[in-house]
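Chemist: A structural model of the following input is requested.
(one chain, ligands or ions: 1)
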Amino acid sequence: MRSQIIAAALGAASLASLAGLVGPTQAAVRPQATVDAKRLLAADSPANAGQWMSYGRDYSEQRYSPLEQINVGDVSRLGLAWYADLAERGGSYETTPIEVDGRIFVTAPWSKVYAFDARTGKLLWKYDPKVPGGFAVKLCCGIVNRGVAVWEGKVIWGTLDGRLIAVDARTGKKVWEVQATDRSKTLSISGAPRIADGRIFIGEAGSEFEQRGYMAAYDAATGKELWRWWAVPGDPEKGFEQPELKWAAKTWTGEWWKKGGGGTPWDGITYDPVTGLVYIGTGNGAPWPAWVRSPGGGDNLFISSIVALDAKTGKFKWYYQETPQDGFDFDSTQQIITANIVIDGAKRHVVMHAPKNGIFYVFDAATGELLAAKPFVPTVNWMTAFDAQGRPILNPEANYGKTGKGFYAVPGGGGAHSWYPMAFNPNTGLVYIPANYSSYPFVAEAGAKMGNQLLSINVAKRPSGPPPVLVGAGSYLLAWDPVKMKAVWMQRQGSGRAGVMTTAGNLVFQGTTPPFGSSGPPTFSAFRADTGERVWTADTQAGIVGGSASYMIDGVQYVAVVAGNSAFGDYWEPTYARLLVYKLDAKIKLPPPMPYTPPVLNPPADFGDAALLSRGETEYNSHCASCHGNNGRVSSVFPDLRYAGQLWSSDAFDAIVIGGALQANGMVSFRKVLTLHDADAIRAYVVSLANEAKKEPPRGRFRFGPPGGFPAAPPPGAAAAVPPPPEYHHS
Ligand code: CA
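Modeler: Predicted structure coming up:
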């Protein structure tokens, strides 16, 4: 009788598995998702090899599955086992599926969570935390979420309005909820929490809004805050929360605390059971130009750093600042991997990191000693060399706030590697990095905004002098040898903007949105882990940006990924968001795509003089660009205004911009900051952009990126010199 009740609660759970009849290499479908410290420590053991129990699969964050039923020899037989439609639109699905004991958990835009039966795709429950729509204006980078944590029968995640929520993994019923941020501030949670020994670790986002970053630990049973570590010092007159902030404050000048300073640790968190430390990556400085933020210079600790804290107490242990004086939005928040590798004949327990600044780092995990550092993209120009201690020597030209000339930073365009998770395969010894090689123009202007982001960057201006011409620029999947510190293969069929998983089957899985300007379908692909050769691909209808996961139930290996990239296709194009689950010899087909005719640009004739257009450009960049796009650096997912029918009527345009007619859709009234004349100037500017765009050739189905895409080869003529790559090896 008891078994029947439990089985009913489980949906498809088998009584055989409850009775312990399932073999040790098969996922035991347990009465609840009982992830605990013991299981996570034994993640590769036969009992747990078929699970994906946390964001990076286990504590090491290697995203390596020991399963090998699907391998290079049979991957061509991989097919769709089931799929589930996900309802939310307007933001990319950045989630990594978590599979525990036959249940699979994914997050969706607006911090919603779905639970499915991992074998059949049956929906078990869905939780909507009801984040107020108004929070959309407090986000730099969309209504996104990257995943849940599972711990002792609970599913725990963060929300865009800064809450941590724990629900029962079986029922989706709320167990507790806690506010982890000050709601009056522009702080949000998009990252996946990590858990060790009953402590949940989560940081927040908000450096683009001049916030002050912190990481905190909470009790997984109750949600009570256990410790908090501040990434940058506050007002010295108020005293410092931690002893290290006293000396960190000496690396700042001016009145930085009035603008928060930044350093928000919004993504990478890795607990290391070997050292008892939790490693976190801190965000960029705020506002962006170092000279605006800290006008007398200084490194600005602990922005753009990797920091090790005692996991129990939150006490500071070691740090390495990857980008001193960061002025390039070089968050160091990217996922952090721990591994045992052999360097110079000695086994070392290391921390590996490949942040936005383009350098691959290997640290001793216990001490933070830098063992090696070298660009994983062809080169960088924000630094010139490493000194004898491994500290980067900064390029004085890169301090564009001080020089006043602007600077094309390499890498640029959101960094060489952002939150898209990388993976490490202990069999090949390679790290697989979604890499981007490009430049980005930074021009400082104190107080300038992009939308409501307080960047002190004028996004409409360009640095003096030519941009650097980068040979081999673009987006690709890179295999990097962390011992020899060199690239082993690069695969342009892969992506710089999608998460990676690797398996014991000598495979690397990645979503592969087609390159800028291309019209091919978005796909999910498998590559040989040793050579990079593409060995399998499937049309997914929707782009993939998040990471994939692999698990085994009743002797069958599955690969799961969420397709749902809001940046793909036209804004009006029918979009799909689905959890896709593959296994060998499965034959399910996705329904054919819905018919679609692309909209036609139909703006009225240009109007207004140069002064009106210039004013329109300034106001557009200040108030509209962060949601509606700017110069190809589109940061969100709202309509492309060049297509708006309201461009034909100042009354209709004003009714929205000033009158707030579309308030219910999240388009608030700008009455407090814009006049009717401003609205007319913006309309004139957008009309001019639309008429300009009518003359351009179509740019393909990927909406974001530099106009015309990245150059494939250097154009003729003068180009800024690109320096050779710097390198550091510990002697
Ligand atoms: Ca940032």
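Chemist: where's the most centrally placed residue in the chain, which helix or strand?
Modeler: If you average the C-alpha coordinates of the chain and look for the closest C-alpha using Cα atoms, centre = their mean, you land on residue 419, 2.9 Å from that point. Assigned by DSSP states H and E, residue 419 belongs to neither a helix nor a strand.
Chemist: What helix or strand is the spatially closest residue to it that is not a sequence neighbour located in?
Modeler: Nearest residue to residue 419, sequence neighbours excluded (Cβ to Cβ, 6 or more residues apart in numbering): residue 267, at 4.8 Å. Any C-beta I mention is one placed from the backbone N, CA and C, and that applies to glycine too. Under the assignment given by DSSP H and E, residue 267 is not contained in any helix or strand.
Chemist: contacting residues around residue 267?
Modeler: When the contact criterion is Cβ atoms under 8 Å, 6 or more residues apart in numbering, the partners of residue 267 are 146, 190-191, 203, 281, 331, 333-335, 419.
Chemist: Restrict those to the buried ones and give me that as a PyMOL selection.
Modeler: Per 16 or more other Cβ atoms under 10 Å, the buried members of the contacts of residue 267 correspond to this PyMOL selection:
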select buried, resi 146+190+191+203+281+331+333+334+335+419
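Chemist: Next one: residue 601, what pLDDT does it get?
Modeler: In this prediction, residue 601 carries a pLDDT score of 84.
Chemist: what's it sitting at in phi/psi?
Modeler: phi -60, psi 130 (degrees, to the nearest 10).
Chemist: now swap in residue 659 and tell me
Modeler: Backbone torsions for residue 659, taken as degrees, to the nearest 10, come to phi -80, psi -20.
Chemist: what about stretch 324-335, start to end distance?
Modeler: 19 Å (Cα to Cα, to the nearest Å).
Chemist: Then stretch 197-212?
Modeler: Between the start and the finish of stretch 197-212 there is a gap of 27 Å, counting by Cα to Cα.
Chemist: my guess is residue 79 meets residue 588, correct?
Modeler: Yes. Between residue 79 and residue 588 there is a contact under Cβ atoms under 8 Å: 7.0 Å.
Chemist: ok so, going back, report the contact partners of the residue nearest to the centre of the chain.
Modeler: Contacts for residue 419 were tallied using Cβ under 8 Å, 6+ apart; they are 94, 146, 191, 267, 333-335.
Chemist: Pull up the gap between it and residue 367, please.
Modeler: As defined by Cβ to Cβ, to the nearest Å, residue 419 lies at a distance of 27 Å from residue 367.
Chemist: can you tell me which of the contacts of residue 419 lies nearest to the ion?
Modeler: In terms of Cβ to the ion, no member of these lies closer to the ion than residue 333, at 7.8 Å.
Chemist: And the closest one, its phi and psi?
Modeler: phi -80, psi 0.
Chemist: circling back: any chance of the contacts of residue 267 in TSV, plus distance to the ion, pLDDT and secondary structure?
Modeler: Listed next are the contacts of residue 267 as TSV, based on distance: Cβ to the ion, whole Å; pLDDT from 0 to 100; DSSP: H, G, I helix; E, B strand; the rest coil:
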residue	distance to the ion	pLDDT	secondary structure
146	15	98	coil
190	12	97	coil
191	13	98	coil
203	13	97	strand
281	11	98	strand
331	5	97	coil
333	8	98	coil
334	11	98	coil
335	15	97	coil
419	10	97	coil
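Chemist: a markdown table please, covering the contacts of residue 267 and showing distance to residue 275.
Modeler: What follows is the contacts of residue 267, written out as a markdown table (distance: Cβ to Cβ, whole Å):
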| residue | distance to residue 275 |
| --- | --- |
| 146 | 25 |
| 190 | 27 |
| 191 | 22 |
| 203 | 19 |
| 281 | 17 |
| 331 | 24 |
| 333 | 20 |
| 334 | 20 |
| 335 | 18 |
| 419 | 24 |
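Chemist: Looking at the contacts of residue 267, which is nearest residue 563?
Modeler: Distance ranking of those against residue 563, using Cβ to Cβ, places residue 146 first at 15.4 Å.
Chemist: Verify the contact between that closest one and residue 546 for me.
Modeler: Yes. With the criterion set as Cβ under 8 Å, residue 146 and residue 546 qualify as a contacting pair; they are 7.0 Å apart.
Chemist: which residue ranges form the strands in the stretch 401-550 of the chain?
Modeler: With DSSP state E, counting those that start in this stretch as the definition, the stretch 401-550 of the chain shows strands at residue ranges 407-409, 423-425, 430-437, 440-442, 474-481, 486-491, 500-503, 507-512, 523-528, 534-539, 549-553.
Chemist: Ok, which of the ones you listed comes nearest residue 678?
Modeler: Short answer: strand 440-442, nearest of those by Cβ to Cβ, at 25.7 Å.
Chemist: what's downstream of whatever helix or strand residue 651 lives in, the next helix or strand?
Modeler: Using DSSP H and E, residue 651 sits in helix 650-657. For helix 650-657, the succeeding helix or strand toward the C-terminus, using DSSP H and E, is helix 676-695.
Chemist: If you count contacts, what does the helix or strand following that following helix end up packed against?
Modeler: Next helix or strand after helix 676-695 toward the C-terminus (DSSP H and E): strand 728-729. Secondary structure elements in contact with strand 728-729, counted by 3 or more Cβ pairs under 8 Å, 6 or more residues apart in numbering; DSSP states H and E, are strand 370-375.
Chemist: Just checking: what are the partner strands of the strand it packs on?
Modeler: Applying DSSP bridges, strand 370-375 is found paired with strand 359-364 (antiparallel), strand 728-729 (antiparallel).
Chemist: centre of the chain versus that strand, how much separation?
Modeler: Centroid separation between strand 370-375 and its chain, computed with Cα atoms, centre = their mean, to the nearest Å, is 23 Å.
Chemist: please renumber so the chain begins at 40
Modeler: Sure, I'll start numbering at 40, so the last one becomes strand 409-414.
Chemist: Report the angle between it and strand 525-530.
Modeler: Strand 409-414 and strand 525-530 are oriented at 40 degrees to each other (axes from the mean of the first three to the mean of the last three Cα atoms, to 10 degrees).
Chemist: Residues of the stretch 340-489 of the chain that sit close to the ion?
Modeler: When proximity is defined as Cβ under 5 Å from the ion, the stretch 340-489 of the chain approaches the ion at 368, 370.
Chemist: returning to that earlier point: could I get the strands of the stretch 440-589 of the chain in JSON lines, plus columns for distance to residue 604 and mean pLDDT?
Modeler: JSON lines is the format used below for the strands of the stretch 440-589 of the chain (distance: least, Cβ to Cβ, whole Å; pLDDT from 0 to 100):
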{"stretch": "strand 446-448", "distance to residue 604": "26", "mean pLDDT": "95"}
{"stretch": "strand 462-464", "distance to residue 604": "19", "mean pLDDT": "98"}
{"stretch": "strand 469-476", "distance to residue 604": "13", "mean pLDDT": "97"}
{"stretch": "strand 479-481", "distance to residue 604": "21", "mean pLDDT": "93"}
{"stretch": "strand 513-520", "distance to residue 604": "13", "mean pLDDT": "95"}
{"stretch": "strand 525-530", "distance to residue 604": "19", "mean pLDDT": "97"}
{"stretch": "strand 539-542", "distance to residue 604": "15", "mean pLDDT": "98"}
{"stretch": "strand 546-551", "distance to residue 604": "8", "mean pLDDT": "96"}
{"stretch": "strand 562-567", "distance to residue 604": "12", "mean pLDDT": "97"}
{"stretch": "strand 573-578", "distance to residue 604": "14", "mean pLDDT": "97"}
{"stretch": "strand 588-592", "distance to residue 604": "18", "mean pLDDT": "98"}
